[in-house]
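S.K.: My questions concern the predicted model and sequence given below.
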Amino acid sequence: MNGYLRVGLILTGFLAALILLGMFWTPYDPQAMSVGPKLAPPSLQHLMGTDKFGRDIFSRVLQGAGTTSIIALSTVAIGAVCGTAVGALTGYFGGLADEILMRLNDALTAFPSILLALVVISILGPGKKRNVILALGLVFIPSFARITRTAFASLRDANYVKSARLMGASPARILLVHILPNTVSVLLPAVTIGFNNAVLAEASMSFLCIGVTPPDASLGYMLSEAQGMLNAPWYVIGTGLMIVLMVFGVGLIGEGLQRRDKGVA
Amino acid sequence: MKYAAKRLLMLLVTMVIVSFLAFLAFDLISGDPATAMLGTQATPESVAALREELGLNRPFLVRYGEWLLGFFTGNLGTSYNYKQPVWDLIGTKVMVTLCLSVLSFLLITMVSIPLGLWSARRAGGRLDGVRTAVNQLCMAVPPFFTGILLSWVFGVMLHWFVPGSFPGLEHFGSALKYLFFAAVAIAIPRIAMTVRMLRSTIMSEMQKDYVRTAISRGNDRGEVLRRHVLKNALVPVVTFLAQTMAEIVAGSIVVEQVFAIPGLGRMLVTSISNRDYPTVQAIVVILAFWVVLAGTVADIVNQCIDPRLRLGGDA
C-alpha cells in the first residue's frame, strides 16, 4: 500500500459514501425550486449555495454525481467484460481472427473515444441514458481487448498453463481459472483509467446536451446549465470540483496500483 | 522517400475504408431522413417523392461511389436541415477549428517538453510524490470546466475578451486572442499526460548503458539529457503527440461549445441533434481524415528520426 493508493482510496471511498447517501437522501429535494433564497452563496444551510431558481446545489451535485457514476460504472462493466472476452479468446487462440480483430482494434483506438461515442450516439439517437451507456460501452471495448490480449498471449505458453493443458483442462477452464486471475494486475489499472475516461466522456456528452438530459441530471448537463448562471459561480465550481475530485481519486488509485505492480514506491 | 510514398498510399486506403464505414453506419440508421424532413403528417406519396429527389432509392454502392467522388471534388452533399451544400456550411468552420487545434498543439508541445525534461531530472527527489499528484490532478480537469472558469475570470471579470462573441477570422489578431483561452482549456490535461509520458520514457532511457558512460566521462547531466537522451526518447513522444493531435480535435468539440466558437465541433453537435446526416457524415470523415493524417505524419517523421525503423517492420 503506497501513498497514492492510500490517498486515492480514502478520497474515492469518501466520495462513494457521499454519492451512495445521495441516492437515498439529499439535504433538499434536488428538483424542488425555492428551497432557499435565490442565488445564495454557500452557507451552512446550503453547502454549495443555491441557483437562480432557489434550488440547493449540493443536493443537485450529489444526485448528478450518482447518475454520472452509474453510467460510468455500467460503461466500464460493458467495456471490461466484452473487451476481456475478446482479448482472451484472440490472445489465447491467435490465428486469422486475431489478426483481423487486432488490425481493426488499432484503427479504432487511434480515434478519440468521444468522437466514436458521438458517432454511435448519433446513430442510436441522442438524449437517452441507455443509449449513452451503450455508446460509451461499445467504444471502450477495443482498448480493454488490446490490453487483455497482450496479457493472455504472453501467458499462453507459461508452464502452469501448459501443465493444466496436459492434465486435460478445457480451454474455458484454463482461460477463466488459470490465466484470468493472473491478468488482474493489468486489468485493474485499466479499469481505473476506463472509469475516468467514462466519467469525462459522459460529462462531455451531457454538457453538449446529447448525453443524459433532464430529468436525469448528470454533472455534465449541470455544468452547461451552470454556464448560464455565472452570477452564481459556486454552481460551476461545485459541480466542476465534484468531477475533478472523482477523476482525481480514481486516478490516484490507478497510479498507486501501477507503481505497486512495478515495485516502485 | 519510398517509405513515405507507401505510407501515403496506406493513408488513402485507410481513408476509403473509414469513409465506407461512416457511409454504411449512417445508411443503416433506422430513421428515414425523408420522413424526418417532412414530419409525421406527410403522405406516403410525398415521402416517396422526396426519397426519389434525395436519391435514397438507388443501390447502396452507387450512392457510396457518388458520395466518395463528390468528397474529393468538394461536393459533400446537401444538408437536410439547411437545404444548402454542406461545404458552404462548413468551409469557414474547418479553418476556425484548424486554427484552434494548431494553437493548442503548439501550446502543448512548448510547455510539456521542457516540463517533462525537468520532471524527469527531478524524479526520485523529495517532492516527486507531490509532482505526480499535481500531474494526476491536472489530468482530472475536464476542458469544459477550465473553459467556463477561464471565460468567467478573463471574460466576465477582467474583460480581456467577450465570451460568446467570436470576432471571426477576418479579425485575425483578436480571433487568435479569443482562441488562445480555448486552447489553454484544451491543453491543460493533455500537457499533464504528455509530461507523464515523457517522464517515464526518459527515465527508462536514463538507465541505459550509454547514459552511464556519458555521465562517467564527466559530461554535464543536463547536457546528456538534452543531447543524447531526448533524441532517443523522441520516437514514442512523436507517436504520442500524433495521438494528442487527434485528442485535440475531440477536445475542441466540447470547448467550441463552451466559448461559442463557430467551428466544426459545434456544427457536429448541432447536426447530431438535428439528425442532419449528410453534415454529420462529412464532418466525421473530415475529422477522421485529420486523425489518420496525424498518424501518418508521425510515422514518416519517426522514420526520419530513427532510420532503424526502415529495416524493422514491413510497412
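M.R.: Now that the structure is in, tell me what you want to look at.
S.K.: near chain A, which residues of the stretch 201-315 of chain B?
M.R.: By C-beta under 8 Å from any C-beta of the partner chain, the residues of the stretch 201-315 of chain B that approach chain A are B:243, B:246-247, B:249-250, B:253-254, B:257-258, B:268-269, B:272-273, B:275, B:280, B:284, B:287-288, B:291-292, B:295. In short, each C-beta sits where N, CA and C put it, glycine included.
S.K.: Of those, which qualify as buried by neighbour count?
M.R.: Among these, those classed as buried by neighbour count (16 or more other C-beta atoms under 10 Å in any protein chain shown) are B:243, B:246-247, B:249-250, B:253-254, B:257-258, B:268-269, B:272, B:275, B:280, B:284, B:287-288, B:291-292, B:295.
S.K.: Inside strands: which ones of those residues?
M.R.: Secondary structure of these is defined by DSSP state E; no position falls in strands.
S.K.: Now go through the residues of the stretch 201-315 of chain B next to chain A and say which are in helices.
M.R.: With helices taken from DSSP state H, the overlap with these comprises B:243, B:246-247, B:249-250, B:253-254, B:257-258, B:268-269, B:272-273, B:280, B:284, B:287-288, B:291-292, B:295.
S.K.: With adjacent residues omitted, what lies nearest to the residue of the stretch 151-300 of chain B found nearest chain A?
M.R.: Of all residues in the stretch 151-300 of chain B, the one sitting closest to chain A is B:A250 (3.4 Å; C-beta to the nearest C-beta). Nearest residue to B:A250, sequence neighbours excluded (C-beta to C-beta, 6 or more residues apart in numbering or on different chains): A:P112, at 3.4 Å.
S.K.: give the contact list for the one you found.
M.R.: Shown in contact with A:P112 (C-beta atoms under 8 Å, 6 or more residues apart in numbering or on different chains): B:246-247, B:249-250, B:291.
S.K.: for B:K93, same thing?
M.R.: Taking C-beta under 8 Å, 6+ apart, we find B:K93 in contact with B:262-264, B:266-267.
S.K.: try 10 Å this time
M.R.: Shown here is B:K93, whose contacts under the criterion C-beta atoms under 10 Å, 6 or more residues apart in numbering or on different chains are B:256, B:261-268, B:283, B:286.
S.K.: Could you confirm it falls within a strand?
M.R.: No. Assessed by DSSP: H, G, I helix; E, B strand; the rest coil, B:K93 does not belong to a strand; its assignment is helix.
S.K.: now residue 154, what's its secondary structure?
M.R.: Just so you know, I chose chain A. Classification of A:S154 by three-state DSSP places it in helix.
S.K.: quick one: it from A:M167, how far?
M.R.: Note on A:S154: its distance to A:M167, by C-beta to C-beta, to the nearest Å, is 21 Å.
S.K.: Compare these two and say which is more crowded by neighbours.
M.R.: Comparing A:S154 with A:M167 by other C-beta atoms under 10 Å in any protein chain shown, the one with more neighbours is A:S154, at 14 against 9.
S.K.: my guess is that one contacts A:G87, does it?
M.R.: No. If you go by C-beta atoms under 10 Å, A:S154 and A:G87 don't touch, sitting 11.8 Å apart.
S.K.: Now do the shared contacts for these two.
M.R.: Where contact means C-beta under 10 Å, 6+ apart, the residues bridging A:S154 and A:G87 through contact with each are A:T183.
S.K.: Which parts of chain B are helices?
M.R.: With DSSP H, the ranges of helices along chain B come out as B:2-28, B:33-38, B:44-54, B:60-72, B:86-121, B:128-139, B:143-150, B:172-206, B:209-216, B:221-224, B:230-259, B:264-274, B:277-305, B:308-311.
S.K.: Between helix B:172-206 and the longest one, find me the angle.
M.R.: With axes from the mean of the first three to the mean of the last three C-alpha atoms, to 10 degrees defining the directions, helix B:86-121 sits at 40 degrees from helix B:172-206.
S.K.: Could you pull out the buried residues of helix B:86-121?
M.R.: Of the residues in helix B:86-121, those buried under the neighbour-count criterion (16+ other C-beta under 10 Å) are B:86-87, B:89-90, B:93-94, B:96-97, B:99-101, B:103-105, B:107-109, B:111-113, B:115-117, B:119-121.
S.K.: what is the mean pLDDT for it?
M.R.: Averaging pLDDT along helix B:86-121 gives 88.
S.K.: what does stretch A:59-76 give?
M.R.: Averaging pLDDT residue by residue across stretch A:59-76 gives 91.
S.K.: How about it and chain B, any contact?
M.R.: No. Under the criterion of C-beta under 10 Å from any C-beta of the partner chain, chain B is not reached by stretch A:59-76; the shortest gap measures 11.4 Å.
S.K.: CA atoms of that stretch as CSV?
M.R.: The C-alpha coordinates for stretch A:59-76 follow below in CSV (Å, rounded to 0.1, in the frame of the first residue of the first chain):
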residue,chain,number,x,y,z
SER,A,59,-28.3,18.2,-3.4
ARG,A,60,-28.2,18.5,-7.1
VAL,A,61,-24.5,17.8,-7.3
LEU,A,62,-25.0,14.6,-5.2
GLN,A,63,-27.7,13.5,-7.5
GLY,A,64,-25.8,14.3,-10.6
ALA,A,65,-22.7,12.5,-9.4
GLY,A,66,-24.9,9.5,-8.7
THR,A,67,-26.1,9.5,-12.3
THR,A,68,-22.6,10.0,-13.7
SER,A,69,-21.2,7.2,-11.5
ILE,A,70,-23.9,4.7,-12.5
ILE,A,71,-23.3,5.5,-16.2
ALA,A,72,-19.5,5.3,-15.8
LEU,A,73,-19.7,2.0,-13.9
SER,A,74,-22.1,0.4,-16.4
THR,A,75,-19.9,1.6,-19.3
VAL,A,76,-16.7,0.2,-17.7
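S.K.: residues of that stretch that come out buried?
M.R.: Of the residues in stretch A:59-76, those scored as buried under the neighbour-count criterion (16+ other C-beta under 10 Å) are A:59-72, A:74-76.
S.K.: can you list the residues of the stretch 1-150 of chain A near chain B?
M.R.: Taking C-beta under 10 Å from any C-beta as the criterion, the stretch 1-150 of chain A approaches chain B at residues A:2-4, A:7-8, A:104, A:106-107, A:109-127.
S.K.: ok, 7 Å please
M.R.: Of all the residues in the stretch 1-150 of chain A, those in contact range of chain B (C-beta under 7 Å from any C-beta of the partner chain) are A:3, A:110-112, A:114-115, A:118-119, A:122-123, A:126.
S.K.: top of the residues you listed by neighbour count?
M.R.: Within the residues of the stretch 1-150 of chain A next to chain B, most neighbours by other C-beta under 10 Å means A:L118, with 30 neighbours.
S.K.: one step back: ok, so of the contacts of B:K93, who is nearest B:F26?
M.R.: Nearest to B:F26 among the contacts of B:K93 is B:I283, at 11.5 Å by C-beta to C-beta.
S.K.: pretty sure the closest one is in contact with B:L264, am I right?
M.R.: Yes. Taking contacts as C-beta atoms under 7 Å, B:I283 lies within contact range of B:L264: 5.5 Å.
S.K.: Find the residues that touch each one of those two.
M.R.: Where contact means C-beta atoms under 7 Å, 6 or more residues apart in numbering or on different chains, the residues bridging B:I283 and B:L264 through contact with each are B:I90.
S.K.: quick one on the thing from earlier: pLDDT value on the residue nearest to B:A250, please?
M.R.: We have a pLDDT of 78 for A:P112.
S.K.: Please determine how far it is located from B:A288.
M.R.: Counting by C-beta to C-beta, the gap between A:P112 and B:A288 amounts to 10 Å.
S.K.: Near residue 244, how many other residues are there?
M.R.: No chain specified, so I'll use chain A. Using other C-beta under 10 Å, A:V244 is surrounded by 18 other residues.
S.K.: actually chain B
M.R.: Using other C-beta under 10 Å, the number of residues around B:T244 comes to 26.
S.K.: tell me the contacts of it?
M.R.: For B:T244, counting by C-beta under 7 Å, 6+ apart, the contacting residues are B:108, B:190, B:194.
S.K.: repeat that with 10 Å
M.R.: Applying C-beta under 10 Å, 6+ apart as the definition, the contact partners of B:T244 turn out to be B:104-105, B:108-109, B:112, B:186-187, B:190-191, B:193-194, B:197, B:237, B:251, B:294, B:298.
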